[in-house]
Structures are given as C-alpha cells and as structure tokens.
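> Fold the following and give me the result.
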Amino acid sequence: MATVSKHSPGLWHISLPFQGEPEVIGTYVLAGKDEIALIDPGPETTIEALLASLQEAEFNPQTITHILLTHIHLDHAGGVGTLLHHMPNAKVYVYSKGAPHLKDPTKLITSASRVYKERMQELWGNVEAVPAANIQTIDGGDILNVAGRRLEVHYTPGHASHHVVFYDVHAGELFAGDAAGVHLPGIDYVRPPTPPPDVDIEAWSATIDLLKKLRPDVLYLAHFGPVRNTIPYLERFRAQLFAWGDIVLEALQAGKNEEEIIQILIDKTEPELKRKGADAEAFKRYDLATNYPMTAQGYIRYWQKKHPERLS
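Take a look at the predicted model:
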C-alpha cells in the first residue's frame, strides 16, 4: 500500500509501491485555492496505489486540476494517459519538446524497450496516448500559478533533453525530478540516473550550476523525497556524475563491451554503497530507481555521440 506524508502546508508526498518496494517512485501533491496538482504521477503499474492514496488523503481524483511533468520518462509520466480516465479535467503541463511523445508515445515506447526489453509490461504497464486537448506545453522561464503557488519553470537538460524543474521561490521548495540524482531514504548516497538516449554531462553540469544559483532550501527528488543542505549535496552529485562517466570512458578506451562495462561499474561503485550501510534491500531499491544496464548504456551513448574523439 502506498503511504502519504505531509511535508509542508499544501504539500503531500505519496510513496508508490514499485515492484513491491516503497520509497523508490513517488508523486508530489500540491493543494490550495480549490486546485490540486500532481507532480510526476508515475507509471501505469502504480495507478491503483496512487488513486487509493489520494482517497486516503481525502483528495477526490475527479477533482485533480493539474498534472505537472518534470519529463516524460515512463517512471514519471507513463501512466498519465490512463490516469486521465480518472481525472478527465486535469491539464497536463509538459515541456514543449516532450509534448509530441505524450500525444503519440510510439517512439518513447520503442526507446524504452531497448533498455527494459521483456520487462516493459511488468515495470511500466500500458502507455496510453494523452489527448491533445489535455496537454499544455511549457518552457523554461514560464510562471505557473497552481494550487496557490507561484512556480517557476526552469529548463534543466542533462538527464533528458525534455526535463524541467518547478521552483516555488517563496517556499524555497524545488521539485527536481531526476535533475538532482537519486538519493533514497536511509542511505547517504547519491547515484546518477543516466538513461539513453540523450544524457549530456556538460549540460547536466550547467543544470547543477543553475540549481545551486537558485539556492533552494529543499530539493524534492522523484527518487526519493526531500534533500536539504542542498548546495553540498549538489556538488556531491556532480562529482559522482563525472566519476561514473570517467569509469565508462576508461572501459571504452580499453575496448570493453557493454556487459563488461556494467560489471566494472558494479565492482567500482557497490563497495561505497556498502560502506554507507546498504543492505540487500537497499541495493534492490537503488537498482529499481536506476539500474546498471541503463546507466552504462546512457554513458556509452554519451561518449559515442558527444566525444567520439576520446574513444580512440
């Protein structure tokens, strides 16, 4: 069963059980001034839990007015088309570059299938098209007045070319999606989520600079929950992003194949996670949030696409 927690006035966080594990995928709920917004409502496989949790928190799904997407990856937005059957009046706010893939998810599904292969249905369920009438495109620099909040939209590429964050300056709360990495509760460890096809380390580093400049009091991560002491955390994340990239580059330069690179990543990074106190359950949850094959594929594509000269 999903769990609901209240973080601040008008802000709730729902932990959606993903493959039987809590605190891997979550949805934020904003409520105020007769409006209710969901941020990154998750895949189709967690919809029943989401609807039940909304009812538990005394929100009627039929009254949801806004769905805000940081980006269109399936763990964040795969269930939106199906969810709209329960929330027919909700407007879906998505970065302009991602909107076409909500209207027609064919390419998105094809891309994800290369990573998840036979596990697509098990992990993400059905991916329904979102009706054009429900879609509202947004761009960096936009201001959204939603649920009694003034949310700044900032374009934040690196993890994905269609990624934005939502920043409530007055509350100091920044809804970061995947732009600030993966940091699961109970383990002081940050891991870079680097899925193909458009990971860009330079763009991501610039995004981290932007997030630092905004100086939020708290980062609300998609995976998973709040992170405070934000500036040191973002620098730790940047260091990890570059370090993992260097591991993959060195392996490519040594002529290693994808399977070998995956094992090298595991061998070089899991000892640190163990030192942080991770047990088998924590390893499983981190792998559900951002698995090693996806990580390796993202970095490999980055080096081949952005810096082929460094592979010789």
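> Now the element after the helix ranked longest in the chain, going C-ward?
In the chain, with assignment by DSSP state H, the single longest helix is helix 230-253. Remark: after helix 230-253, the chain's next helix or strand is helix 258-275, criterion DSSP states H and E.
> buried set for the longest helix of the chain?
For helix 230-253, the neighbour count (16 or more other CB atoms under 10 Å) marks 230, 233-234, 236-238, 240-241, 244-245, 247-249, 251-252 as buried. Heads up, the C-betas are built off the backbone N, CA and C, glycines and all.
> Check stretch 25-36 too.
25-31, 35-36.
> just the CA coordinates of it, formatted as CSV?
The C-alpha trace of stretch 25-36 is given here as CSV (Å, rounded to 0.1, in the frame of the first residue of the first chain):
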residue,chain,number,x,y,z
ILE,A,25,8.9,6.1,-7.0
GLY,A,26,6.8,9.0,-5.6
THR,A,27,4.3,11.6,-6.5
TYR,A,28,4.0,15.1,-5.0
VAL,A,29,0.6,16.6,-4.4
LEU,A,30,0.0,20.4,-4.2
ALA,A,31,-3.3,21.7,-2.9
GLY,A,32,-4.7,25.2,-2.4
LYS,A,33,-7.2,27.7,-3.7
ASP,A,34,-9.6,24.9,-4.9
GLU,A,35,-6.9,23.4,-7.1
ILE,A,36,-5.0,20.1,-6.8
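> if we look at it, which residues are touching it?
Counting by CB atoms under 8 Å, 6 or more residues apart in numbering, stretch 25-36 makes contact with 10-16, 18, 37-43, 46, 50, 54, 57, 59, 63-66, 75, 146-149, 175, 220, 222-225, 289, all of which sit outside it.
> Keep only those of these that are in strands.
In this view, the contacts of stretch 25-36 that belong to strands under DSSP state E are 11-16, 18, 37-39, 66, 146, 149, 175, 220, 225.
> Give the residue spans of the chain that score low on pLDDT.
Along the chain, segments meeting pLDDT under 70 span 1-2.
> ok, 90 please
Low-confidence segments of the chain, defined by pLDDT under 90: 1-3, 111-112, 114-117, 186-188, 273, 276-283, 312.
> mind listing the helices for it?
So, for the chain - with DSSP H - the helices run 47-56, 74-77, 80-83, 99-103, 106-116, 120-124, 201-214, 230-253, 258-275, 280-289, 292-306.
> nearest to His154, of these?
Minimum separation from His154 across these (CB to CB) falls at helix 201-214, 6.3 Å.
> Next, the angle from that closest one to helix 292-306.
What separates the directions of helix 201-214 and helix 292-306 is an angle of 100 degrees, with axes from the mean of the first three to the mean of the last three CA atoms, to 10 degrees.
> how about helix 201-214: buried residues?
So helix 201-214, judged by 16+ other CB under 10 Å, has buried residues 201, 203-204, 207-208, 210-211, 214.
> One more: stretch 281-289?
Across stretch 281-289, burial judged by 16+ other CB under 10 Å covers 282, 285-289.
> Among the buried residues of stretch 25-36, which pair sits farthest apart?
Spatial extent of the buried residues of stretch 25-36 (CB to CB) is set by the pair Ile25 and Glu35 at 23.7 Å.
> what sits against the residue lying closest to Thr290 once chain neighbours are set aside?
In this structure, Thr290 finds its nearest non-sequential neighbour in Pro193, 3.9 Å apart by CB to CB, 6 or more residues apart in numbering. Each residue near Pro193 by CB under 8 Å, 6+ apart is listed here: 159, 178, 181-182, 223, 289-290, 294-295.
> Now do Pro193 against Glu258, distance only.
Taking CB to CB, to the nearest Å as the measure, Pro193 falls 18 Å from Glu258.
> was I right about Pro226 contacting Ser8?
No: Pro226 is not in contact with Ser8 according to CB atoms under 8 Å; the separation is 9.5 Å.
> circling back: other residues contacting the longest helix of the chain?
With CB under 8 Å, 6+ apart as the criterion, helix 230-253 contacts 174, 180-181, 183, 190-192, 194, 201, 204-205, 208, 211-212, 215-219, 227, 260-261, 264-265, 268-269, 295-296, 299-300, 302-303, 310-311.
> quick one, that helix and helix 201-214 angle?
For helix 230-253 against helix 201-214, the angle by the same axes, to 10 degrees is 170 degrees.
> send the alpha carbons of helix 230-253 over as PDB?
Output in PDB follows, covering the C-alpha atoms of helix 230-253 (Å, rounded to 0.1, in the frame of the first residue of the first chain):
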ATOM      1  CA  THR A 230      21.200  21.400  -0.900                       C
ATOM      2  CA  ILE A 231      24.500  23.100  -2.200                       C
ATOM      3  CA  PRO A 232      26.900  20.400  -0.700                       C
ATOM      4  CA  TYR A 233      24.500  17.700  -1.900                       C
ATOM      5  CA  LEU A 234      24.500  19.100  -5.500                       C
ATOM      6  CA  GLU A 235      28.300  19.200  -5.500                       C
ATOM      7  CA  ARG A 236      28.500  15.600  -4.400                       C
ATOM      8  CA  PHE A 237      26.100  14.600  -7.100                       C
ATOM      9  CA  ARG A 238      28.200  16.400  -9.800                       C
ATOM     10  CA  ALA A 239      31.300  14.600  -8.600                       C
ATOM     11  CA  GLN A 240      29.500  11.300  -8.900                       C
ATOM     12  CA  LEU A 241      28.200  12.100 -12.300                       C
ATOM     13  CA  PHE A 242      31.700  12.800 -13.600                       C
ATOM     14  CA  ALA A 243      33.300   9.900 -11.800                       C
ATOM     15  CA  TRP A 244      30.900   7.400 -13.300                       C
ATOM     16  CA  GLY A 245      31.400   8.900 -16.700                       C
ATOM     17  CA  ASP A 246      35.200   8.500 -16.300                       C
ATOM     18  CA  ILE A 247      34.800   4.800 -15.300                       C
ATOM     19  CA  VAL A 248      32.800   4.200 -18.500                       C
ATOM     20  CA  LEU A 249      35.200   6.200 -20.700                       C
ATOM     21  CA  GLU A 250      38.200   4.300 -19.400                       C
ATOM     22  CA  ALA A 251      36.400   1.000 -20.100                       C
ATOM     23  CA  LEU A 252      35.500   2.000 -23.600                       C
ATOM     24  CA  GLN A 253      39.100   3.100 -24.300                       C
END
